[in-house]
Structure formats: C-alpha cells, structure tokens
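just coords:
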C-alpha cells in the first residue's frame with residue numbers, strides 16, 4: 001500500500017495519501033514501526049491485516065517521482081502491479097469523499113502517472129481521496 005504525496009510537504013491536501021497511511025499504521029498498531037529504506041527511497045512499515053502481509057510505503061520523493069520508490073519496492077519485495085494499492089488525492093472529488101478504482105489512466109495525477117511509467121503497467125488498485133478544488 002503506497003501513500004502518494006510530496007514527502008517534504010506533509011500535512012497538505014496534496015499529500016493526503018501519506019496521511020492515510022499514517023492513520024492505517026496506527027490502526028494496525030505499527031505506527032512505531034516506520035523505518036527509512038534507502039533501497040527504495042521510502043519510509044516503510046510491515047503490518048498484518050486479516051491474514052494478509054502488508055508493506056506500507058511512503059515515498060521520500062516529490063510526487064512526480066513517487067513511482068520510482070514504488071517500483072523499487074515492487075522489485076525488492078517481488079510484487080506485481082496488481083498487488084499494489086495506491087492511495088492518492090483527487091481534485092475532482094469533494095473533500096473527504098473516497099472511491100476505489102482498478103487500473104485505468106492517471107487522469108492527470110502526476111504521482112499515479114509516475115507509478116504507471118515506472119511499473120510499466122496501470123493495473124494498480126487506487127484509493128482516490130477527495131480533496132476538492134481550492
């Protein structure tokens with residue numbers, strides 16, 4: 001599960017994917033388990049939910065390069081694009097509204113575009129979190 005955002009701009013609506021992962025880590029009782037992973041240039045935490053092993057990932061890059069971290073982690077942990085969930089902001093959704101999308105285009109989102117390019121696939125599941133338009 002990759003929370004897309006701008007690592008240096010935490011707390012902004014554009015980095016809501018990382019905030020969702022912080023919340024998920026707290027709910028799964030692994031919030032103290034975040035560690036910097038230099039190989040994939042990301043903060044990662046391992047968790048278990050309903051018998052599934054999860055790798056939580058927050059790229060330490062700007063949004064338009066998030067895909068490099070996601071692709072590195074996919075290679076290291078032997079994950080296929082269809083195993084990956086991207087959590088990201090969506091300007092076209094009202095604040096707080098969420099939607100799940102399987103595959104498809106980036107719809108103008110630079111972080112998703114970066115992931116599609118780096119993974120050479122658009123088969124990732126996406127949790128789109130509405131941030132509204134300013």
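Received, thanks. Just so it is clear, the model here is predicted, and its values are computed rather than measured. Numbers count the residues shown, from 1 in each chain.

and the pLDDT at residue 132?
Note for residue 132: predicted pLDDT of 91.

over to residue 16?
pLDDT, the model's per-residue confidence, is 94 for residue 16.

which strand or helix spans it?
If you go by DSSP states H and E, residue 16 is part of helix 16-27.

doesn't residue 100 belong to a strand?
Yes. Under the criterion used here (DSSP: H, G, I helix; E, B strand; the rest coil), residue 100 sits inside a strand.

please report phi then psi for residue 90.
Summarising the backbone geometry of residue 90 under the convention degrees, to the nearest 10, its torsions are phi -140, psi 110.

and for it, the neighbour number?
Residues lying near residue 90 (other C-beta atoms under 10 Å) number 22. From N, CA and C alone the C-beta is placed, and that goes for glycine too.

tell me the spacing between the closest residue to it other than its chain neighbours and residue 33.
Counting by C-beta to C-beta, 6 or more residues apart in numbering, the nearest residue to residue 90 once its immediate chain neighbours are dropped is residue 128, at 4.0 Å. Residue 128 is 26 Å from residue 33, where distance means C-beta to C-beta, to the nearest Å.

let me see the ranges of the helices in the chain.
All helices of the chain, identified by DSSP state H, fall at 16-27, 66-76, 110-119.

nearest to residue 3, out of those helices?
Using C-beta to C-beta as the criterion, the shortest distance between residue 3 and the helices of the chain is 3.5 Å, found for helix 16-27.

could you check the angle the helix holding residue 16 makes with helix 110-119?
Using axes from the mean of the first three to the mean of the last three C-alpha atoms, to 10 degrees, one finds that helix 16-27 and helix 110-119 are set 80 degrees apart in direction.

so what touches helix 16-27?
Taking C-beta atoms under 8 Å, 6 or more residues apart in numbering as the criterion, the residues outside helix 16-27 that touch it are 1-5, 7, 10-11, 31, 33-34, 45, 47, 56-58, 86-89, 111, 127, 129, 131.

sorry, back to before: between residue 128 and residue 33, which one's more packed in?
A direct count of neighbours by other C-beta under 10 Å for residue 128 and residue 33 places residue 128 higher, at 23 against 13.
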